[in-house]
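Novice: test case, fold it:
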Amino acid sequence: MVEFQLPKLITRVRFPSLAPIFMGLVVPALLLGGCASVEQMPTVTGPMTASGRPSGVYHKVQKGETLWRIAKVYNVNVDDLVRVNRIPNIAQLEVNQLIFIPGATQELTIPAAAAGTAAAPAVRDDEFGWPLRGKVIGYFSQRDSRFNENGISIEAQPGQAVTASRSGKVVLADYLSGYAQTVIIDHQDGYASVYGQNGRLLVRQGETVTKGTPIAEVANQGSLTHLYFEIRKNAVADNPLFYLSRAEEVR
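Specialist: The predicted structure follows:
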């Protein structure tokens, strides 16, 4: 199993600070239930005010916003937004969906650019981008023998270019059993991204890459040709769809 090979690879390539990220491959993904639907108030759990109402505000999702961006502007954890709003693993934000922000005192405007506003601090250019253009055909925590449930599978064409989702350092560019030719990028802030099922790798271990840099080409897998993509936070696999803009998704 690949779960037990990754820690050995990290030891071999001598990136001890990243070992916890890949040791997290043995941690089962947390299954979440429920859904916060478009234009409906989500069922909220969390701190309450003296009047018995939840402590926080509702944010109405605008086009292009992600849980990652919203969490950074409100200075809360993505995990807290997922838990409080009971967002399921296969969900992705819809325009006008109401997201409860625990502890917030006012709804903020999410800046579209790095400039930001007085009310909402700027979001740094460190958001995750889609590694390629394609339709999602395998979802996070989906129990399907065709796909690994620690990430998502994106339909692709053989030879299609795979790009770095965020800037960072390549800590693995090699064949990995179960993942095929694989690239792992450390984003040096507790996050790492994993790109599997490639044919040809375009980067080497130790290289620094910027967001959008071609790092690999998808392998020919017949009728199920796809890119396998993970995002890992502090050693644990997280749902990539919480970090990717729905406005850029191919459907």
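
Novice: can I assume Y195 is in contact with H226?
Specialist: No: counting by C-beta atoms under 8 Å, Y195 does not reach H226; the two are 11.4 Å apart. Just so you know, the C-beta spots here come from the backbone N, C-alpha and C atoms, and that holds for glycine as well.

Novice: what's the end-to-end length of stretch 56-71?
Specialist: 13 Å (C-alpha to C-alpha, to the nearest Å).

Novice: all helices of the stretch 101-250 of the chain, in order?
Specialist: Assigned by DSSP state H, counting those that start in this stretch, the helices in the stretch 101-250 of the chain number zero.

Novice: low-confidence ranges in the stretch 151-251 of the chain?
Specialist: Flagging of the stretch 151-251 of the chain using pLDDT under 70 yields the residue ranges 246-249, 251.

Novice: all strands for the stretch 51-200 of the chain, in order.
Specialist: With DSSP state E, counting those that start in this stretch, the ranges of strands along the stretch 51-200 of the chain come out as 56-60, 98-102, 136-138, 152-155, 161-163, 168-176, 180-186, 191-201.

Novice: ok, residues contacting the fourth one?
Specialist: The set of residues that contact strand 152-155 without belonging to it, under C-beta atoms under 8 Å, 6 or more residues apart in numbering, is 130-132, 134-140, 146-147, 197, 225-230, 239-241, 250.

Novice: which among the residues you listed count as buried?
Specialist: Buried members of the contacts of strand 152-155, scored by 16 or more other C-beta atoms under 10 Å, are 130-132, 134, 136-140, 147, 197, 225-230, 239-241.

Novice: can you pull up the bridge partners for R232?
Specialist: Beta bridges link R232 to A192, A237, judged by DSSP bridges.

Novice: and it, how close does it get to T105?
Specialist: According to C-beta to C-beta, to the nearest Å, R232 and T105 sit 32 Å apart.

Novice: do the same with G56
Specialist: 8 Å.

Novice: and the residue lying closest to N234 once chain neighbours are set aside, how far is that from L108?
Specialist: Among residues not flanking N234 along the chain, G190 sits closest, at 5.0 Å (C-beta to C-beta, 6 or more residues apart in numbering). Distance, G190 to L108, by C-beta to C-beta: 24 Å.

Novice: need the contact list for the nearest residue to A104 once chain neighbours are set aside.
Specialist: Excluding its sequence neighbours, the residue lying closest to A104 (C-beta to C-beta, 6+ apart) is V57, at 4.6 Å. Counting by C-beta under 8 Å, 6+ apart, V57 makes contact with F100, I101, A104, T105, Q106, E107.

Novice: so what sits opposite F100 in the bridge?
Specialist: Beta-bridge partners, per DSSP bridges, of F100: Y58.

Novice: neighbours of it, just the number please.
Specialist: Number of residues near F100 (other C-beta atoms under 10 Å) recorded here: 22.

Novice: so between G190 and L108, which is more surrounded?
Specialist: L108 (18 against 12).

Novice: the more buried one against V73, yeah?
Specialist: Yes: with contact defined as C-beta under 8 Å, L108 and V73 form a contacting pair (5.6 Å).

Novice: bridging residues for A173?
Specialist: V183.

Novice: right, and it touches V194 too?
Specialist: No: counting by C-beta under 8 Å, A173 stays clear of V194, with 11.6 Å between them.
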